[in-house]
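In: Need the 3D shape of this:
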Amino acid sequence: MVYLIVRWRLLSQSVGLGCLISLLLPLTAAAVELRVAVLERVHQVTMGSSTPAQLRDEAGRVLTVAPQQRITAVLTGAGVQAGGVRGRQVFLEPRDNGLVRVGDRWYRGRLQLVSTNEGILAINLVDLEEYLPSVVGKEMYPSWPLEALKAQAVASRSFVLFRRDRERRRPGSLFDVGATVTHQVYGGVSSETASTLAAVAATRGQVLTYNGRIIEALFHASSGGHTENSEDVWQTVIPYLRGTPDFDQVFPNFQWTVRFTAAQLQQRLPGIGSIVALRPLQLTPQGRILSMQILGTAGSRTISGSELRRVLGLRSTLLTIRPEYGNVASQRAQSVPVAFTITGRGHGHGLGMSQWGAYGMALQGYTYDQILGHYYQGVTLSVLDTTQR
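Out: Just a heads-up that it's a prediction; the model follows:
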């Protein structure tokens, strides 16, 4: 997918230096449509439209749908069947800019149901600029300063276009992004607010580029004080993802603590008996755990930091672990801890923009372009001409 960059300004790598200012040209009217998976691997989908709509399949069968009419699509041997239409793909297309309903959520755009080996895949076909207000409302608190919301809008726009381009180059790809934290959270019109609509409108068409290409603008909730270099977390050098001091100390859960009893830990890390110790084997320069050795009474195992985070439900891998042996007398006689206390900082992978850091910077008066230039280094704030699609 080719996008034409029509004008840009270079973002400073230092928030104290400001930016080289250039006027940004307006976007053309052409739209960029996204394929957002809102449901996966289900065998039944309830859907509808807020306005009169057309339900059609690949064979050309068309069914007129009344406003608010409840339609149930089911998976059959022939694909998806909904009312009088059926096939591998079924489309629900509202008229007059109506909304589509999937389950209990309403979305802008159209709906595509696809039959797969794992069930029905529900895809919201939606314009980029109509998609973003919902994402910003899910990824940040709408009550946050507008400059933080604008930074999120540009980051989310860049992220989804990067993924869209990558997915459409991949044979057999059915959608561009999902609607969960695996990509970026999307909740439909219910998460749109006046502030998120304003943030998207104020940055319409603006993306981050590096050497003329849209970047994968990763973001996370809080780095715990300092973001990471990409190669220190993912072993891949991405030049614009450089570690930088964070402004996320305003995060209410900047530091957190969780405690596991020995039995709880053994249940989540089975196969090696009672847990004796957890020893970090490899750390990033900022102290995130890349690999951890787990010693038990019946063996040992080594897992990655990300797997440890997933299994234990931790906020991040920036943590320390302290064993507990009970009272002093038992500590002398007992080599197996009765519990483990984990203390950590931040929330997320630590790459790219820290959302709570963006909030902290906005509170201090920084503008959205300064925020973006701080977390994505050496990038350019560009505007798309979407006529080149």
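
In: helix/strand/coil for Gln266?
Out: The three-state label given to Gln266 by DSSP: H, G, I helix; E, B strand; the rest coil is helix.

In: so where's the protein uncertain?
Out: Filtered on pLDDT under 70, the chain yields the residue ranges 1-30, 327-334, 386-389.

In: Only alpha carbons, please: show the longest helix that it contains as CSV.
Out: If you go by DSSP state H, the chain has its longest helix at helix 146-168. In CSV, the C-alpha atoms belonging to helix 146-168 read as follows (Å, rounded to 0.1, in the frame of the first residue of the first chain):
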residue,chain,number,x,y,z
LEU,A,146,-6.3,17.3,24.5
GLU,A,147,-2.5,17.3,23.7
ALA,A,148,-2.2,13.8,25.1
LEU,A,149,-5.3,12.6,23.2
LYS,A,150,-3.9,14.1,20.0
ALA,A,151,-0.6,12.3,20.6
GLN,A,152,-2.6,9.0,21.0
ALA,A,153,-4.6,9.8,17.8
VAL,A,154,-1.4,10.2,15.7
ALA,A,155,0.2,7.1,17.3
SER,A,156,-2.9,5.0,16.7
ARG,A,157,-3.3,6.2,13.2
SER,A,158,0.3,5.3,12.4
PHE,A,159,0.1,2.0,14.1
VAL,A,160,-3.0,0.8,12.3
LEU,A,161,-1.7,1.9,8.9
PHE,A,162,1.5,0.1,9.5
ARG,A,163,-0.4,-3.1,10.3
ARG,A,164,-2.8,-2.5,7.4
ASP,A,165,0.1,-2.3,5.0
ARG,A,166,1.7,-5.4,6.4
GLU,A,167,-1.4,-7.5,6.5
ARG,A,168,-2.4,-6.7,2.9
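
In: Sheet partners, orientation included, of the helix or strand just after it?
Out: Downstream of helix 146-168, the first helix or strand assigned by DSSP states H and E is strand 177-178. Take DSSP bridges as the rule and strand 177-178 pairs in its sheet with strand 33-42 (parallel).

In: and the angle from whichever helix or strand comes after the partner strand to strand 33-42?
Out: Downstream of strand 33-42, the next assigned helix or strand under DSSP H and E is strand 44-49. Between the axes of strand 44-49 and strand 33-42, defined by axes from the mean of the first three to the mean of the last three C-alpha atoms, to 10 degrees, the angle is 140 degrees.

In: The helix or strand following strand 44-49 - contacts with which helices or strands?
Out: Using DSSP H and E, the next helix or strand after strand 44-49 towards the C-terminus is strand 53-57. Using 3 or more C-beta pairs under 8 Å, 6 or more residues apart in numbering; DSSP states H and E, the elements in contact with strand 53-57 are strand 62-65, strand 85-87, strand 89-94. All C-beta spots, glycine's among them, are computed from the backbone N, C-alpha and C.
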